[in-house]
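# sequence and predicted model, in that order:
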Amino acid sequence: MASFAGMFWLAASLAAQPAYRAPRMPDGHADLNGIWQVLNTANWDLEPHGPGPGPLFQLGAQGAVPPGLGVVEGDHIPYLPEAAAKKKENFAHRLELDPEVRCYLPGVPRATYMPYPFQVVQSEKYLLFAYQYAGATRNINMTSAKKAPIDSWMGWSNGRWDGDTLVIDVTGLNDETWFDRAGDFHSDALHVVERYTPRSPETMQYEATIEDPKTFSRPWKISMLLYRVQDTNAQLLEFKCVEFVEELMYGHLRKKESKAGNKEAK
Amino acid sequence: MIRAIFAATACVLAIGSAQAQPAAQAPARLAASEKPWVSPRTPDGHPDLQGFWSNASITPLQRPPELGSKEFYTAEEAAAVDKKEFTERTSWDRLGNQARVHYDMSQFGLDVIQAKVALSRRTSLIIGPEGRIPPVTPEAQKRLADRAAARRGHEFDSAQDRPIQERCIVWAAEGPPMMSSGYNSNLQIVQGPGYVSVMEEMIHDARMIPTDGRPHLPSGIRQYLGDSRGHWEGDTLVVDTTNFTEKTSFMGSTSSLHVLERFTRIDNDTILYEFTVDDPATWTKPWTAQMPLSKIEGPIFEYACHEGNLGLPNTLSGARAAEEAKAAK
Amino acid sequence: MRRALFLALLLSRVPVNAHHAFAAEFDINRPIKLRGTVTKMDWINPHSWIHIDVKGPDGKVTSWMIEGGSPNVLLRMGFTKEALPPGAEIVLEGFQAKDGSNRGVGKTLSFADGRKLFLGSSAPGANGEPDGK
């Protein structure tokens, strides 16, 4: 008797758990509204990495690269041989070359895993992604797919639903962004397909397939969790970082006799 | 090519029809009273303000002094004013003293009359019998004079001495309050549960406005665009913004600037946008302006400013070269 | 009578809101007149840039970059990066950068055959025939 009950219990628990079903928008699609953020070190390095020194020894432990399990499926980004050499060069000169230092728009997918929140505003008609970092924004076209007229920093996003998964096809990305601080880069042939899948009330699965035949020998994929930010009154805060890099970018053009301008003109 | 010509022609027709129609018939025209319009609603029951909107305007902020307390043109007068702007003045006229060294705005479609302009019968954006910005306080007068004196002769010393718009930090017209830009004067409104988002094309700023009744940010956090909180009063979205930085300096104001905006959709193609500006450290009393937002087709294109801002270092290096040349003489 | 008075006294206060003062970047005392072949166009903000190769009288080729307007309105009208292809020949009269570098702004800017780039002249409604579309 006891063993039959035990088997029944075992069978019941092994039966397929229903996949999480996110709350619905009135139009029947999954509701992705909210403020989201990653809890990984992808922005430092997409590949698995131990801790390491940062490019500025003066920052000591504060400027060090923290360890991370990596987010690349298969652990390894499949660079073409010439591109692999360029990545090494990038890493060696990352302080000068990383566009994040200059407060440049982070591009896709890097915007997703910057260590700052982003917000999804979703209605039946429109889908807007707003990122705290540098106030980057993306408008996701949810009507019939359209071609990118030119290249841009945040790319051209055509979205559609695959069940409860939001699939965003991103083209029209310029070649000026990096994937991380470790020098991982791409050309203007970059094509990214993102998948956002609600996983639990507090998490979303994020996957991005990266394709760039000028840089990589085959498409490759990153995968990570997005966590819902639930602190009381959580909101995106303004993070306009241009001011913090002006000295670096334009200091050499300052008039020699004057003090650093502290009279803010309108 | 055909599509481009069609689009350009459509632009022409839009402008042309605004002239051909008597002012009173064009839906965007605001007379003293309008029949209330029944708005489509979002699922939570509020008016649907969503879409792409232009706030391009040819109405001056302040009333020409000779018009005194005249708040509205007659339909005839308004048509004459519009006609003058659309057909007699050119893009070079509108550049004013910048016209001497500039490219032709209209070649790139950047002349304001090439945008979707919501025409208004108002003589000024500022409403009321005065139609002008109130006098500044004595304290503000001194503050602004001191600031100008300190700046004189140092306008090109460094990047930090240039206007924040030139540094690609914030566009002057972004506000809030949101003012008309000469071009790309566009915004997109998206309404999600508990939020209204107003995304301004220049400089790609998405204003996230919670409507859940939460308090403003702590006073220690200041933002260029301030901190906005929204709520509905009937069919009007009311947005209250505080927590500005000292650097925002909207029309010379301080961090104690307080802006109240009201968005009311009055027909399919028009949102009536009203704002009240209050800063006791700058103006002797609050002032209010009104302008129509008119519907346009999206999308909003990326305006990545800082990333392509060659003008700023070029301007500084030009100033350094001019100084060197002067010193060499 | 009153209408005429209004028209006569009308002062335009249409806001001029260019990104920055071009007179600070370009020198009115350095007029230029160039004819060049487009090598590429940067469809970027806050200003687009047209890169051209200019052949001097001695046959030597110098590269110039010509500052233009924000491309966003053109994009909204349906123009794409194919609208100004490499190889197109353009002419301009304008001013050179204050620091003497090979940068300029074209007060007049057109294809060598006189057609306007992108859109027409300041008269509203005029539109040119974009090349390559």
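That came in fine, so what should we check first? Computed from a predicted model, the values in this text were never measured in an experiment.
# which stretches in chain C count as helices?
With DSSP state H as the criterion, chain C has helices at C:2-9, C:22-25, C:72-76.
# what's the average pLDDT for the longest one?
Helix C:2-9 shows a mean pLDDT of 40.
# domains of chain B?
According to automatic domain parsing, chain B comprises the domains B:1-30+B:73-121, B:41-60+B:124-328.
# how about the residue sitting nearest the centre point of chain C, nearest residue that isn't a chain neighbour?
What sits nearest the mean C-alpha location of chain C, by C-alpha atoms, centre = their mean, is C:Gly68, with 4.5 Å. Leaving aside its sequence neighbours, C:Gly68 sits nearest to C:Ser48 (C-beta to C-beta, 6 or more residues apart in numbering or on different chains; 4.2 Å). C-beta: built from backbone N, CA, C; applies to glycine.
# count the residues that sit near that neighbour.
Residues near C:Ser48, counting by other C-beta atoms under 10 Å in any protein chain shown, number 23.
# over to A:Trp153?
Counted with other C-beta under 10 Å, residues neighbouring A:Trp153 total 23.
# anything in the top strand by length along chain C near chain B?
Using DSSP state E to define each element, chain C has its longest strand at strand C:26-42. Yes. Strand C:26-42 comes into contact with chain B (C-beta under 8 Å from any C-beta of the partner chain), by way of C:26-28, C:42.
# by neighbour count, which of those wins?
Going by other C-beta under 10 Å, C:Phe26 tops the residues of strand C:26-42 next to chain B with 27 neighbours.
# quick one, what contacts that residue?
B:101, B:318, C:67, C:94-98, C:103-105 (C-beta atoms under 8 Å, 6 or more residues apart in numbering or on different chains).
# hmm, back to that, and the residue nearest to C:Gly68, how far from C:Asp42?
Separation of C:Ser48 from C:Asp42 (C-beta to C-beta, to the nearest Å): 6 Å.
# give me the number of residues near the residue lying closest to B:Ile221 once chain neighbours are set aside?
Distance criterion C-beta to C-beta, 6+ apart; nearest residue to B:Ile221, sequence neighbours excluded, is B:Asn243 at 6.2 Å. With neighbours defined by other C-beta under 10 Å, the count for B:Asn243 comes to 22.
# for stretch A:234-251, buried residues please.
Residues of stretch A:234-251 classed as buried by neighbour count (16 or more other C-beta atoms under 10 Å in any protein chain shown): A:235-236, A:238-243, A:246, A:249-250.
# to clarify, my last question referred to stretch A:44-55.
Under 16+ other C-beta under 10 Å, the buried positions of stretch A:44-55 are A:44-47, A:49, A:54-55.
# distance to chain B and secondary structure for those - can I get that in CSV?
Converted to CSV, the buried residues of stretch A:44-55 look like this (distance: C-beta to the nearest C-beta, whole Å; DSSP: H, G, I helix; E, B strand; the rest coil):
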residue, distance to chain B, secondary structure
A:Trp44, 22, coil
A:Asp45, 24, coil
A:Leu46, 22, coil
A:Glu47, 27, coil
A:His49, 28, strand
A:Gly54, 24, coil
A:Pro55, 22, coil
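# would you turn those into JSON lines with pLDDT and distance to B:Lys116?
Shown next, in JSON lines, are these (pLDDT from 0 to 100; distance: C-beta to C-beta, whole Å):
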{"residue": "A:Trp44", "pLDDT": "98", "distance to B:Lys116": "45"}
{"residue": "A:Asp45", "pLDDT": "98", "distance to B:Lys116": "47"}
{"residue": "A:Leu46", "pLDDT": "98", "distance to B:Lys116": "43"}
{"residue": "A:Glu47", "pLDDT": "98", "distance to B:Lys116": "48"}
{"residue": "A:His49", "pLDDT": "98", "distance to B:Lys116": "51"}
{"residue": "A:Gly54", "pLDDT": "95", "distance to B:Lys116": "49"}
{"residue": "A:Pro55", "pLDDT": "94", "distance to B:Lys116": "48"}
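# now those residues as CSV including distance to A:Gln122?
Output for the buried residues of stretch A:44-55, formatted as CSV (distance: C-beta to C-beta, whole Å):
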residue, distance to A:Gln122
A:Trp44, 30
A:Asp45, 31
A:Leu46, 27
A:Glu47, 32
A:His49, 34
A:Gly54, 37
A:Pro55, 39
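# out of these, who's nearest B:Arg207?
Nearest to B:Arg207 out of those is A:Trp44 (C-beta to C-beta; 30.7 Å).
# show me where the stretch 201-329 of chain B dips below the pLDDT cut-off.
Within the stretch 201-329 of chain B, no range satisfies pLDDT under 70.
# so which residues of it form strands?
For the stretch 201-329 of chain B, the strands defined by DSSP state E, counting those that start in this stretch occupy B:205-210, B:227-233, B:236-242, B:258-267, B:270-278, B:287-296.
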